[in-house]
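Q: Sequence first, predicted coordinates after that:
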Amino acid sequence: AGLGPKPQAERMFALMDRFLSNDPVSLQKDILDHVEYTVARSRFSFDDFEAYQALAHSVRDRLIERWHDTQQYFKRKDPKRLYFLSLEFLMGRSLSNSVINLGIRDQCADALSQLGFEYEVLAEQEGDAALGNGGLARLSACQMDSLATLDYPAWGYGLRYQYGLFRQVILDGFQHEQPDYWLNFGNPWEIERVHVSYPVKFYGTVEEETLNGKSCKVWLPGETVEAVAYDNPIPGYGTRNTINLRLWAAKPDGQYDMESYNTGDYINAVVNRQRAETISCVLYPDDRSYQGKELRLKQHYFFVSASLQDIIRRFKDGHNNFDDFPEKVALQLNDTHPSLAVVEVMRVLVDEEHLGWDQAWNIVCRIFSFTTHTVLPEALEKIPVDLLGSLLPRHLQIIYDINFNFMEELKKRIGLDFNRLSQMSIVEEGAVKSIRMANLSIVCSHTVNGVSRMHSELLKTRVFKDFYELWPHKFQYKTNGVTQRRWIVVSNPSLCALISKWLGTEAWIRDIDLLIGLQEFAADADLHQEWKMVRKVNKMRLAEYIEAMSGVKVSLDAMFDVQIKRIHEYKRQLLNILSIIHRYDCIKNMEKTQRRKVVPRVCIVGGKAAPGYEVAKKIIKLCHAVAEKINNDADVGDLLKLIFVPDYNVSVAELVIPGADLSQHISTAGHEASGTGCMKFLMNGCLLLATADGSTVEIIEEIGEENMFLFGAKVHEVPALREKSSDHKAPLQFSHVVRMVRDGHFGFKDYFKSLCDGVEGDSDFYLLGSDFASYLEAQAAADKAFVDQEKWTQMSILSTAGSGRFSSDRTIEDYAETTWGIEPCKCPS
Ligand SMILES: [N-]=[N+]=N[C@]1([C@H](N)O)O[C@H](CO)[C@@H](O)[C@H](O)[C@H]1O
């Protein structure tokens, strides 16, 4: 297509001044214009929310300019592009991240204050885009920010759920789920692309046909749904590059069934059509995996099919030889949720583009890379063949063909070792014949990686041992990272300013390794003074939030001890609560005099439990029951408080993390693939109390265990401890606190019985009993360290100084260089 601007383009450019200006007066004008013409409120009377909407649209206009220029530049340069396929993106709020990455936060604040509005107040008006469950989903969002900031030609593809992750409402200490209709008041950060839509097929049959003498398969679908694109511009920091997150929404396809209309069966016809929209209606709220739900499988294929149609259309708009496809396209599978993409590319290349099988297979194996986020074999996704066969009949055929060829190749390599052959097969025989999506992804991908070094070792030695022995070259690791733009600059502006002051530059925001420069000031008294002041300000903000949310007044002199993440047995929130009961019991049994030496603690716990996860829900209730007891016990007073922060999400994390003194990452070793919350706390100078699991192993290497509080069994010790857990006697303190719960000290005796049963004797699968003693020692070490605030502040500064490795910028550069083979493509500013 002619790349030159069409003739009327010159006139267009003449008409509009090149770019929107970012001075406060121009911003004011744009904001008032949007109040009048977009929000349609009189510019003389509008409230905070309407002002937020007008501001959001004004910022969006500036994103769109940069988005257009970036996409035009990519089109002109035609670089190799990365397509990041993920069913979940936990974006949170967009306003502050956008104005900071555009470098116009202060101008916006000035423009608003002259209109009588306060920036911070308007920023609070925005709801979270919670299109994901936990770490995997937030990682996708952090990686999009780094891809944009590092000028990589990349696109994110996902689903535009109408309902995001459920709202957690706590009633009498119990979690209740409320639908998150986040689009209620529209979404200024997305652009509906009515002209970008694709038909997605389901069900039906596969016919054999002959084309130019060659037989080929034709899929005759039983149902077709329309996928419509919604674009979300993702601005880079300190660059003009603004990349795209394209989310698909399901709409009824255009075909009207006139027949039913004539028969007056009108309502049914419309209702049937609406059924199509259910596909992208709701996010599945489970951080584990889903077996065998048809709607879930429909979601997987819907976003894969729409994304690949869009990607292939863009490739063909400039290329006509699919052998060039691997030079121009890298496809990243974010866990197995998008893995049907490998089958869909085979189907399109063979059935629609009429390439030979081997040619198509060669292309597939050169374009896909697969990241797994799971350690537990039982959490690996499997799709029942019956379900797949009825929903996607042609895809099942192709999977059988892929597996047949793989088994043939394997037999040549390992002979007729039926045990290994059946272990490695993509098709799992057995009661419910299923497709192993992880095996399919490994067979079809050129690279397979875990999300921390420890995780990858477990993949090589346990989870995918057979595949590693077959294809050691495929296995890499890419330790996760988080973006310092959102997790310092946006959420902790006072720390951001302090770091820039002492480093004498803001360059660390794009080049985080510069943070190491703080090491030389780690013992500097002036920095200590300012550092403590920044932390105090953030603690006050958190304390105000806690009081507003729970009515509990907490002391700023106490250590704010935080554990915020999804509720899981392997993350051991129960271990934390049992240690809080131990601390409470110790204080109660102390002489008054002794109590003076107690280091006061405010224990803050937050996280959602998957709706069907009963044990996790009981842990939330126990937390509230224990809090009820402790927080109202005058003997204890300010020495100990337990707070559960409800509806934990990205915005709550942005408030809690800067105010935390200590954060807990206490999973049973070998269970947390990486963990990314620990990285955010580290960047904000919060000290870590942790087991050596996932990414904490690499954090220890970066900052030294002397700046952390470590405890617990090491990963290689766990299997043996589990073996003899039946005759392993848990420490007295542990049995005592479990007994207190079992005896109803916090009420709900029968309701908590199973929780107690689950941590005693050989039922203690996650080793809470055997880790309890060293856990209490680590807690005592934290208390002791906290008393010496200069020591603590030095450890805090060294934590931030050593956090550079855990930026998602490093993660993305790793992927770009050693997996995707993409180069930066910087749009001229
Ligand atoms: N799904 N999944 N996996 C996780 C998280 N739960 O989302 O992915 C995260 C992102 O890779 C990991 O940090 C975390 O350890 C792992 O459990």
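A: All right, it came through fine.
Q: What's the local residue count around the closest residue to the ligand within the stretch 701-829 of the chain?
A: The nearest approach of the stretch 701-829 of the chain to the ligand comes at T811, 10.1 Å away (C-beta to the nearest ligand atom). All C-beta spots, glycine's among them, are computed from the backbone N, C-alpha and C. If you count neighbours by other C-beta atoms under 10 Å, T811 ends up with 22.
Q: Pull the contacting residues for it.
A: Counting by C-beta atoms under 8 Å, 6 or more residues apart in numbering, T811 makes contact with 143, 146, 478-481.
Q: Tell me the one of these nearest the ligand?
A: Checking these one by one against the ligand (C-beta to the nearest ligand atom), the nearest turns out to be N480, at 5.1 Å.
Q: Return the backbone torsion pair for that closest one.
A: Dihedral pair for N480: phi -60, psi 170, per degrees, to the nearest 10.
Q: and stretch 402-409, which residues are buried?
A: 402-403, 406 (16 or more other C-beta atoms under 10 Å).
Q: Most widely separated two among the contacts of T811?
A: S146 and T479 (13.5 Å; C-beta to C-beta).
Q: State the distance from the residue of the stretch 701-829 of the chain closest to the ligand to N97.
A: Distance, T811 to N97, using C-beta to C-beta, to the nearest Å: 18 Å.
Q: where does whichever residue of the stretch 101-250 of the chain sits closest to the ligand land on pLDDT?
A: Closest residue of the stretch 101-250 of the chain to the ligand, C-beta to the nearest ligand atom: G135 (2.9 Å). The per-residue pLDDT reported for G135 equals 97.
Q: T676 is in contact with that one, correct?
A: Yes. Between G135 and T676 a contact is recorded at 5.1 Å, counting by C-beta atoms under 8 Å.
Q: overlap in contacts of the two?
A: N480.
Q: Remind me which helix or strand L527 belongs to.
A: Taking DSSP states H and E as the definition, one finds L527 inside helix 525-550.
Q: And the helix or strand following that helix, what's buried?
A: Using DSSP H and E, the helix or strand that follows helix 525-550 in sequence is strand 559-564. By 16+ other C-beta under 10 Å, the buried positions in strand 559-564 come out as 559-564.
Q: What spatial separation is found between V121 and V759?
A: Taking C-beta to C-beta, one finds V121 at 45 Å from V759.
Q: Can I get stretch 421-435 in CSV, CA atoms only?
A: Extracted in CSV, the C-alpha atoms of stretch 421-435 (Å, rounded to 0.1, in the frame of the first residue of the first chain):
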residue,chain,number,x,y,z
LEU,A,421,6.0,-41.7,25.6
SER,A,422,2.7,-41.6,27.5
GLN,A,423,4.1,-39.0,30.0
MET,A,424,5.3,-36.7,27.2
SER,A,425,2.3,-37.2,24.9
ILE,A,426,0.1,-34.2,24.2
VAL,A,427,-2.9,-36.5,24.5
GLU,A,428,-3.5,-37.9,28.0
GLU,A,429,-5.3,-41.2,27.9
GLY,A,430,-7.3,-42.2,30.9
ALA,A,431,-10.7,-41.6,32.5
VAL,A,432,-11.1,-38.2,30.9
LYS,A,433,-9.1,-38.2,27.6
SER,A,434,-7.5,-34.8,27.6
ILE,A,435,-5.1,-32.5,25.8
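Q: Buried residues, that stretch. List them.
A: Neighbour count says stretch 421-435 has 421, 424-428, 434-435 buried, by 16+ other C-beta under 10 Å.
Q: average model confidence for it?
A: Stretch 421-435 comes out at a mean pLDDT of 96.
Q: where does the stretch 251-400 of the chain have low pLDDT?
A: Along the stretch 251-400 of the chain, the model assigns pLDDT under 70 to residues 254-264, 272, 287-292.
Q: Tell me which helix or strand comes right after the helix or strand of the chain with the lowest mean pLDDT.
A: When the helices and strands of the chain are scored by mean pLDDT, DSSP states H and E, helix 258-262 comes last with a mean of 55. With elements assigned by DSSP H and E, the helix or strand that comes after helix 258-262 is helix 266-275.
Q: can you pull the buried residues of that next one?
A: 269, 273.
Q: got the CA positions of the helix or strand following that helix in PDB?
A: Next along the chain after helix 266-275, taking DSSP H and E as the criterion, comes helix 294-316. Taking C-alpha atoms only, helix 294-316 is exported to PDB below (Å, rounded to 0.1, in the frame of the first residue of the first chain):
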ATOM      1  CA  GLU A 294     -16.800 -24.700  27.800                       C
ATOM      2  CA  LEU A 295     -17.100 -20.900  28.200                       C
ATOM      3  CA  ARG A 296     -13.500 -20.700  29.400                       C
ATOM      4  CA  LEU A 297     -12.300 -22.600  26.300                       C
ATOM      5  CA  LYS A 298     -14.500 -20.300  24.100                       C
ATOM      6  CA  GLN A 299     -12.700 -17.300  25.700                       C
ATOM      7  CA  HIS A 300      -9.300 -18.900  24.900                       C
ATOM      8  CA  TYR A 301     -10.100 -19.600  21.300                       C
ATOM      9  CA  PHE A 302     -12.100 -16.300  20.800                       C
ATOM     10  CA  PHE A 303      -9.100 -14.100  21.700                       C
ATOM     11  CA  VAL A 304      -6.600 -16.300  19.900                       C
ATOM     12  CA  SER A 305      -8.500 -16.400  16.600                       C
ATOM     13  CA  ALA A 306      -9.200 -12.700  16.600                       C
ATOM     14  CA  SER A 307      -5.600 -11.800  17.500                       C
ATOM     15  CA  LEU A 308      -4.100 -14.100  14.800                       C
ATOM     16  CA  GLN A 309      -6.500 -12.800  12.100                       C
ATOM     17  CA  ASP A 310      -5.400  -9.300  13.000                       C
ATOM     18  CA  ILE A 311      -1.700 -10.200  13.100                       C
ATOM     19  CA  ILE A 312      -1.800 -12.100   9.800                       C
ATOM     20  CA  ARG A 313      -3.800  -9.200   8.100                       C
ATOM     21  CA  ARG A 314      -1.000  -6.800   9.300                       C
ATOM     22  CA  PHE A 315       1.700  -9.100   8.000                       C
ATOM     23  CA  LYS A 316       0.000  -9.600   4.600                       C
END
